[in-house]
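A.B. asks: what's the 3D shape of this:
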Amino acid sequence: MCIYLTDRVDLHYDSKEHIFPAGIDGIKTLPHTVVSREFNRESSRYEDTFIHQSLIALPRQLHGPGKRGSLDPAKATKSSIQVLRSRTNEEIYSLGYIKLGKPHENPQVCIKIENGNVVFSCDKSEESTGMKQLCDQLLKNGTLSKKAINDLT
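C.D. replies: Numbering: from 1, shown residues only. Coordinates of the predicted model:
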């Protein structure tokens, strides 16, 4: 019988349940027959939000552990996409994420605030990689304007 779904009988038991989520370095598990697959599926979406979007996410982005509790740097946790201040020009922001305490910028999209206006810019050659779709989406509601500036250098 599932310790959480006590009123159901049509349950399946095919995996062990971590007492603390593996994503926060939980190692110990409960036996196969204690927590049902159905409860695991239902609770995993809340667990994922807790691990990746709560205060717990910050130390994981700085130190680990990564996917399934792994300490392998290749599986390190990344933050969600955020607006980051450029390391080369403090007036320019870009989209990026944090992984093991280091910011990773996406330099294809630059954001700058000029005279109270938010200005998005990108290299013209980057339009084929989805920049045109991004600009079109931003312009969709009609309140934003787009201006192409040719590089004269």
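A.B. asks: Can you name the helix or strand that residue 109 falls in?
C.D. replies: Using DSSP states H and E, the element containing residue 109 is strand 102-114.
A.B. asks: Pairing partners for that strand, with directions?
C.D. replies: Strand 102-114 pairs in its sheet with strand 92-99 (antiparallel), strand 117-121 (antiparallel), by DSSP bridges.
A.B. asks: Next, the closest residue to residue 29 other than its chain neighbours: phi, psi?
C.D. replies: Using C-beta to C-beta, 6 or more residues apart in numbering and skipping residues adjacent in sequence, the residue nearest residue 29 is residue 16, 3.8 Å away. Bear in mind the C-beta positions are built from the backbone N, C-alpha and C, glycine included. The phi and psi torsions at residue 16 (degrees, to the nearest 10) take the values phi -80, psi 150.
A.B. asks: which of the residues in the helix ranked longest in the chain are buried?
C.D. replies: Identified as the longest helix of the chain according to DSSP state H is helix 37-53. For helix 37-53, burial by neighbour count (16 or more other C-beta atoms under 10 Å) applies to 38, 39, 40, 51, 52.
A.B. asks: List the contacts of the residue nearest to residue 86 when sequence neighbours are not counted.
C.D. replies: In space, and not counting its chain neighbours, residue 86 is closest to residue 92: 4.3 Å by C-beta to C-beta, 6+ apart. By C-beta atoms under 8 Å, 6 or more residues apart in numbering, the residues touching residue 92 are 85, 86, 110, 111, 112.
A.B. asks: Can you flag the buried ones in these?
C.D. replies: Buried subset of the contacts of residue 92 (neighbour count, 16+ other C-beta under 10 Å): 86, 110, 111.
A.B. asks: one step back: please save the CA atoms from the longest helix of the chain in PDB.
C.D. replies: Output of helix 37-53 as PDB, limited to C-alpha atoms (Å, rounded to 0.1, in the frame of the first residue of the first chain):
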ATOM      1  CA  ARG A  37       4.700   5.200  -9.300                       C
ATOM      2  CA  GLU A  38       1.500   7.200  -9.600                       C
ATOM      3  CA  PHE A  39       2.300   9.300  -6.600                       C
ATOM      4  CA  ASN A  40       5.900   9.700  -7.800                       C
ATOM      5  CA  ARG A  41       4.700  11.100 -11.100                       C
ATOM      6  CA  GLU A  42       2.300  13.500  -9.500                       C
ATOM      7  CA  SER A  43       4.800  14.800  -6.900                       C
ATOM      8  CA  SER A  44       7.800  15.000  -9.300                       C
ATOM      9  CA  ARG A  45       6.500  18.200 -11.000                       C
ATOM     10  CA  TYR A  46       6.400  20.000  -7.600                       C
ATOM     11  CA  GLU A  47       9.800  18.600  -6.700                       C
ATOM     12  CA  ASP A  48      11.200  19.900 -10.000                       C
ATOM     13  CA  THR A  49       9.800  23.400  -9.300                       C
ATOM     14  CA  PHE A  50      11.200  23.300  -5.800                       C
ATOM     15  CA  ILE A  51      14.700  22.200  -6.900                       C
ATOM     16  CA  HIS A  52      15.000  24.500 -10.000                       C
ATOM     17  CA  GLN A  53      13.000  27.600  -9.100                       C
END
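A.B. asks: Thanks again, I'm all set now.
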